[in-house]
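Build me a model:
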Amino acid sequence: MRTLTGRAALLFTAASLILAACSTAGPQVSDTPSRRMVDLTMTERMTFEPARIDVRRGETVVFRVRNVSNEGHEAYIGTEAEQVLHENKHYGLGEGDQTKTAHMGYGVHVAALGTADLVVKFDQAYQYVIGCHYPGHYAAGMRAVIDISE
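Below is the predicted model of the structure:
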């Protein structure tokens, strides 16, 4: 049996980490027509309204995200662990650089008093969170829960 050494081992390890990162069980961005629209409002009080959303497994939802505050926000959808990883992407960024964070298809940045649509298909029966990770927003409680049922 051959063992990997040096560069080959490093390349194998890097490729394994990349494949593992790409195989998360998150929701999927969807281009399919949806029968369900959910209005999601971002407020000055650092909240999402509604704070809890029920979705059936396999359902595709169009989130109409409205920012009614005078500052930018984001709506990032992921598990609680994914929220922690995404929070780290925002850490240390200046106010003007917040929109440079990538969402990998699971979120949108919404300017002050703006609106954006996010279409997501929920294939896994997990509990997801919608969070805003602009400085201090998630820590202030700017999150909503998405419960997936069978």
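
residues in contact with the spatially closest residue to residue 114 that is not a sequence neighbour?
Excluding the flanking residues, the one nearest residue 114 by Cβ to Cβ, 6 or more residues apart in numbering is residue 67, at 5.2 Å. Quick note: C-beta positions are derived from backbone N, CA and C, even for glycine. The neighbours of residue 67, taking Cβ atoms under 8 Å, 6 or more residues apart in numbering as the test, are 41, 42, 73, 110, 111, 112, 113, 114, 115.

if I look at residue 67, how far off is residue 149?
Noted for residue 67: a distance of 28 Å to residue 149, by Cβ to Cβ, to the nearest Å.

now swap in residue 37 and tell me
According to Cβ to Cβ, residue 37 and residue 149 sit 19 Å apart.

Point out where this structure drops to low pLDDT.
Scanning the chain for pLDDT under 70 picks out 1-34, 90, 92-105.

can you pull out the strands in it?
Applying DSSP state E to the chain gives strands spanning 28-29, 36-42, 48-49, 52-56, 60-67, 73-78, 107-110, 115-121, 127-131, 143-149.

strands paired with the fifth one, and their directions?
On the basis of DSSP bridges, the sheet neighbours of strand 60-67 come out as strand 36-42 (parallel), strand 115-121 (antiparallel).

and that strand with strand 143-149, angle?
Inter-element angle recorded for strand 60-67 and strand 143-149: 170 degrees (by axes from the mean of the first three to the mean of the last three Cα atoms, to 10 degrees).

buried stuff in strand 60-67?
60, 61, 62, 63, 65, 66, 67 (16 or more other Cβ atoms under 10 Å).

Farthest pair within these?
60 and 67 (22.8 Å; Cβ to Cβ).
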